[in-house]
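Chemist: how does the following fold in three dimensions:
(chains A and B)
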Amino acid sequence: MFSFFSPSNIYSTIQRLIKFINSIFFLVLIIGLTFALVFSPPDYIQGDSVRIMYVHVPSAWLGLACFSFITLLSVFNFIFKIKNFYFINKCIAPIGLLFTCLAIITGSLWGQPTWGTWWAWDARLTSMFVLMLFYIFYILVFKIIRKEELAIKISSIVAILGSINLPIIKYSVEWWSTLHQPASIKITGSSAIHSTMLLPLMAMLFVFVLYAALIFLMKYKTEIIRIKKKNIKRI
Amino acid sequence: MIIEFIAMNGYGLYVWLSFSVVLVSCAVVYYKTKKTLKKYEKEFLVELETLSLSEKNKALKNSKIAQQILSANSKIS
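Modeler: Numbers count the residues shown, from 1 in each chain, chains lettered A, B, ... in the order given. Below you'll find the model as predicted:
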């Protein structure tokens, strides 16, 4: 079953996917930006500063999604001992770190006109900061530890420990009184966001997902070549 | 109208700065990732060239990835 995930089987698929994403990316980006900056209306309280949401929210979602995925694959790696999952995680972690940092920076830029402060040590902001630290620890593990087996074990432990922070991020706005507003978009139940803002948000989310997929595929391709280069005499 | 659009009712600095930070960071990461990929492809080809002819043929015969890297890079050059 897992032979499908072997590097040699998916290499050509990766190349085709990279070409496909590269061919549509700029068009999708321009559509997303036009919706976010031109077509979407200003908020009745926050005015045009609400447009920061179109880069802040997708960044935060992807930062969380990447770490959830890393945790899931780390658990699978512990159970099934599939090394390929470690390589996938190694490629996802820098993408997750990028988006978490972007969520914090854009959140800060949104916080200044809305709350009157760049930063507050409230539950949501602090838990996002902790997520960023976990990403840094995770990446440092395979940068510092040269022994692959040990790096896999320690990075998996870091990921599983870091996953405790994920529900804290999600529910921090409900559990504690925070500066950060509660979630406007709910998977179950009705969302508190108008469709004229939801559509640009979804368009920008699609742009971010495409970008994340593109970077992941390029990183994974690099990882496959690195492994092949290491074992070139054994091919 | 353009000035109004840029000013964003006084929030222009925050909005444009947010979008710029995101776009520049993503562009830098894309450029660095692409550069690293090209570097590893080149290094792989150099490594392939160091093999003897029989080893090289064997590697190309047994590895689809080696074939694809070689053909992709020969198209570029």
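
Chemist: element containing residue 69?
Modeler: You didn't pick a chain, so chain A it is. If you go by DSSP states H and E, residue A:69 is part of helix A:53-80.

Chemist: ah, no, chain B please
Modeler: If you go by DSSP H and E, residue B:69 is part of helix B:64-76.

Chemist: name the nearest residue to residue A:112, ignoring sequence neighbours.
Modeler: Closest residue to residue A:112 apart from its sequence neighbours, by C-beta to C-beta, 6 or more residues apart in numbering or on different chains: residue A:118 at 5.2 Å. Glycine gets a C-beta too; all of them are placed from N, C-alpha and C.

Chemist: helix, strand, or coil at the one you found?
Modeler: Classification of residue A:118 using DSSP: H, G, I helix; E, B strand; the rest coil returns coil.

Chemist: show me the contacts for it.
Modeler: With contact set as C-beta atoms under 8 Å, 6 or more residues apart in numbering or on different chains, residue A:118 has these partners: A:108-109, A:111-112.

Chemist: how far away is it from chain B?
Modeler: Distance from residue A:118 to chain B, counting by C-beta to the nearest C-beta, to the nearest Å: 11 Å.

Chemist: then residue A:214?
Modeler: The value you get for residue A:214 to chain B, if C-beta to the nearest C-beta is used, is 7 Å.

Chemist: check residue A:131 too.
Modeler: Separation of residue A:131 from chain B (C-beta to the nearest C-beta) stands at 17 Å.

Chemist: my understanding was that that residue contacts residue A:164; is that so?
Modeler: No: assessed by C-beta atoms under 8 Å, residue A:131 is found out of contact with residue A:164, at 10.8 Å.

Chemist: more crowded one of these two?
Modeler: More crowded of residue A:131 and residue A:164, by other C-beta atoms under 10 Å in any protein chain shown: residue A:131, with 25 against 11.

Chemist: would you state the helices of the chain in chain order?
Modeler: Picked chain A for this. Assigned by DSSP state H, chain A shows helices spanning A:7-34, A:53-80, A:83-115, A:123-144, A:148-162, A:165-175, A:195-230.

Chemist: you answered for a different chain; I wanted chain B.
Modeler: So, for chain B - with DSSP H - the helices run B:2-7, B:12-50, B:53-62, B:64-76.

Chemist: just to revisit the earlier point, in PyMOL, how would I select the buried members of the contacts of residue A:118?
Modeler: To isolate the buried ones among these in PyMOL, judged by 16 or more other C-beta atoms under 10 Å in any protein chain shown, type:
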select buried, chain A and resi 108+109+111
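
Chemist: and which of the contacts of residue A:118 is nearest chain B?
Modeler: residue A:109 (4.7 Å; C-beta to the nearest C-beta).

Chemist: who's in contact with the closest one?
Modeler: With contact taken as C-beta under 8 Å, 6+ apart, residue A:109 is in contact with A:52, A:118, B:14, B:17-18, B:21.

Chemist: ok, of those, which one's closest to residue B:33?
Modeler: residue B:21 (18.4 Å; C-beta to C-beta).

Chemist: number of residues surrounding the closest residue to the closest one other than its chain neighbours?
Modeler: What sits nearest to residue B:21 in space, not counting adjacent residues and going by C-beta to C-beta, 6+ apart, is residue A:105, at 5.6 Å. The number of residues packed around residue A:105, counting by other C-beta under 10 Å, is 19.

Chemist: same question for residue A:9.
Modeler: 11.

Chemist: state the number of residues packed around residue B:23.
Modeler: By the criterion of other C-beta under 10 Å, residue B:23 has 13 neighbours.

Chemist: so how far is residue A:208 from it?
Modeler: 12 Å (C-beta to C-beta, to the nearest Å).

Chemist: between helix B:12-50 and the lowest-mean-pLDDT helix or strand in chain B, find me the angle.
Modeler: Counting by mean pLDDT, DSSP states H and E, the weakest-scoring helix or strand in chain B turns out to be helix B:64-76, with a mean of 72. Orientation check (axes from the mean of the first three to the mean of the last three C-alpha atoms, to 10 degrees): helix B:64-76 against helix B:12-50 gives 110 degrees.

Chemist: please see if helix B:64-76 touches chain A.
Modeler: Yes: shown here: helix B:64-76 in contact with chain A (C-beta under 8 Å from any C-beta of the partner chain) through B:64-66, B:68-69, B:72.
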